[in-house]
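> Sequence and predicted structure are below.
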Amino acid sequence: MNTFRRPISPTELIYFPMRELAPPFLMQLVVEGTGDLAPEELRRAVAVASEANPGARLRRDGGYWVDSGVAPAVRAVEHTLNNPELEADPVLTTPIGPTPESTVEVLLLTGAPTTIVFRVFHGVMDGMGMIMWVTDVFRALRGLEPIGAADPVADAELVAKVGAPGRPTLMQPRFRSAVGHGPQDPGEHRHLLRHRTIHATGPGAMVRVAAILADEGGPVSRIMIPVDLRRHDPDLRSTGNLALPLFLDARPGVTWQQLNADKKIGLQERRELNQMDNSGLTKLPPAVGRTLLRGLNWMGSRLGRNLASATVSHMGRYDLDELASPHFAPTSIYILPQHSVAMPLLFGLTECGGRTELTVSARSGRGIPARLDALLDRIVKTLENELPQTDSAAK
């Protein structure tokens, strides 16, 4: 049997310096629950799922990702997450392990509530690729065969196959953030990581958040919506980076219905396929790229000028009962976005158990923590008032 091997895509190469510039630069999927899940039981499930999803076992070999054949490490830690100021959590902020070459790991936090944290370097997977692998871990915990995703394909190869219909979006650092900007003082957190629960669900949560961001932002806000490229090849089974941005430019006062209509037009026109290298970063030598990224962070924090105002991602709706296993019953699922130096806000949404879980990574700076809390308060209040399906247990 041939070893899984695929080229590291240009997008993925950009993510390598981010581990130094915005550590730990991980997507982290948090699953809270009840039960007495044993570390060894979780290790077996992770090993089974990773055999079927070799993207969870990758190590770099020059310009390629290669299956190491070694399942991600599972670490059991007596710990409870430091909500709501997760940027100060001593476990979530640690580098991935057990070696610097590791790209994926799993934490079993044995405090209350029992929590599984799936930690993934964005250079090997996108958000939906991570979900494919995590879903198979829960299948293995229930004694089911994993579905698997073993196609060695990432964004560059798929876009070359499908074709881009138009031109890339011109990227210029001119967009404001909904939380403003402020210099990053020494000794303070350079990024914030926050989680809020919205006790309601319903359609349009992602564009409702985007509309609030535009209302709080500058003359024009540019909201980035990651689009799953797998939609262009339904038979493709790959955990690799297969997401490209759809940009929505919006003025204060825009309705979520208008943003939703704009999103639908963009998807119909397949505009995300144009964005394979809209920033030009992939063509720069690594040292020059790092310098440019540091410059973008300085422009954003000091001048309030960003390539985009925010990213807003919806990471799916989950039936918690369908994920339960004999020794673990999930009660909540939420995504913790990676930090960024080129963008001030990255939001993640999930829906489960009659609730919408909202998370955000924010470039911090003088005055921003208080403004971020106020923004999150507005989002929670607005969505709880507008979304039709309320979580009655919270009332």
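Received the coordinates, thanks.
> For the residue nearest to residue 310 when sequence neighbours are not counted, give the beta-bridge partners.
The shortest distance from residue 310 to any residue other than its chain neighbours is 3.9 Å, reached at residue 345 (CB to CB, 6 or more residues apart in numbering). Where you see a C-beta, it was placed from the backbone N, CA and C, and this is true even at glycine. Taking DSSP bridges, one finds residue 362 as the beta-bridge partners of residue 345.
> So in that sheet, which strands flank the strand or helix carrying residue 314, and in what orientation?
Using DSSP states H and E, the secondary-structure element containing residue 314 is strand 310-318. Partner strands and pairing direction for strand 310-318 (DSSP bridges) are strand 221-228 (parallel), strand 345-352 (parallel).
> dump the residue contacts of residue 115.
30, 31, 32, 33, 80, 81, 107, 108, 109 (CB atoms under 8 Å, 6 or more residues apart in numbering).
> Surely the first one is in contact with residue 81?
Yes - contact criterion CB atoms under 8 Å: residue 30 and residue 81 qualify, at 7.3 Å.
> which of the two has more neighbours?
Summary of the neighbour comparison: residue 30 and residue 81, criterion other CB atoms under 10 Å, with residue 30 having more neighbours (23 against 18).
> Give me the contact list for the worst-scoring helix or strand of the chain on mean pLDDT.
The helix or strand with the lowest mean pLDDT-type score in the chain, counting by mean pLDDT, DSSP states H and E, is strand 389-390 (a mean of 73). Around strand 389-390, the neighbours that count as contacts under CB under 8 Å, 6+ apart are 199, 200, 201, 202, 354, 384.
> what are the phi and psi values for the last one?
In terms of degrees, to the nearest 10, the main-chain angles of residue 384 are phi -70, psi -30.
> Now, of the contacts of residue 115, which are buried?
Taking 16 or more other CB atoms under 10 Å as the criterion, what is buried in these is 30, 31, 32, 33, 81, 107, 108, 109.
> OK, contacts around the third one?
Pointing back at residue 32 there. Residue 32 makes contacts with 113, 114, 115, 330, 331, 332, 333, as judged by CB under 8 Å, 6+ apart.
> Phi first, then psi, for it.
The phi/psi pair for residue 32 (degrees, to the nearest 10) reads phi -90, psi 150.
> And for residue 9?
phi -80, psi 160.
> contacting residues for it?
Counting by CB under 8 Å, 6+ apart, residue 9 has contacts 154, 155, 156, 157, 240, 241.
> Tally up the residues packed near the fourth one, please.
The local packing count at residue 157 equals 17, with neighbours defined by other CB under 10 Å.
> doesn't it fall inside a helix?
Yes - secondary structure assignment (DSSP: H, G, I helix; E, B strand; the rest coil) places residue 157 inside a helix.
> What residues of stretch 323-338 count as buried?
Within stretch 323-338, the residues that qualify as buried are 323-325, 328, 330-338, counting by 16+ other CB under 10 Å.
> my guess is the residue nearest to residue 310 contacts residue 176, does it?
No - in terms of CB under 8 Å, residue 345 does not count as a neighbour of residue 176; the distance is 10.9 Å.
> Settle it for me: which of those two has more neighbours?
Neighbours of residue 345 and residue 176, each counted by other CB under 10 Å, are more numerous for residue 345; the result is 26 against 21.
> Got the confidence number for the more buried one?
Each residue has a pLDDT score; the one for residue 345 is 98.
> Could you pull up the residues touching it?
When contacts are counted by CB under 8 Å, 6+ apart, residue 345 touches 177, 178, 179, 213, 309, 310, 311, 360, 361, 362, 363.
> ranges for the helices of the stretch 101-250 of the chain?
Along the stretch 101-250 of the chain, the segments classed as helices by DSSP state H, counting those that start in this stretch run 127-141, 155-162, 205-216.
> Check which helices and strands the longest one is in contact with.
Translated: helix 127-141. strand 26-34, helix 39-52, strand 114-121, strand 310-318 (3 or more CB pairs under 8 Å, 6 or more residues apart in numbering; DSSP states H and E).
> if you average pLDDT over it, what comes out?
The predicted model gives helix 127-141 an average pLDDT of 98.
> Use 548 as the first number from now on
I'll keep to 548 as the first residue from here, and by that count the last item is helix 674-688.
> Please work out the angle formed by the directions of that helix and strand 573-581.
Here helix 674-688 runs at an angle of 30 degrees relative to strand 573-581 (axes from the mean of the first three to the mean of the last three CA atoms, to 10 degrees).
> pLDDT weak spots in the chain?
Within the chain, the set of residues satisfying pLDDT under 70 comprises 548, 825-829, 938-942.
> Against residue 592, how distant is the residue most central in space within it?
The central residue of the chain, meaning the one whose C-alpha is nearest the mean C-alpha position (CA atoms, centre = their mean), is residue 884 at 4.1 Å. In this structure, residue 884 lies at 25 Å from residue 592, with CB to CB, to the nearest Å as the measure.
> Right, I'll call it a day here.
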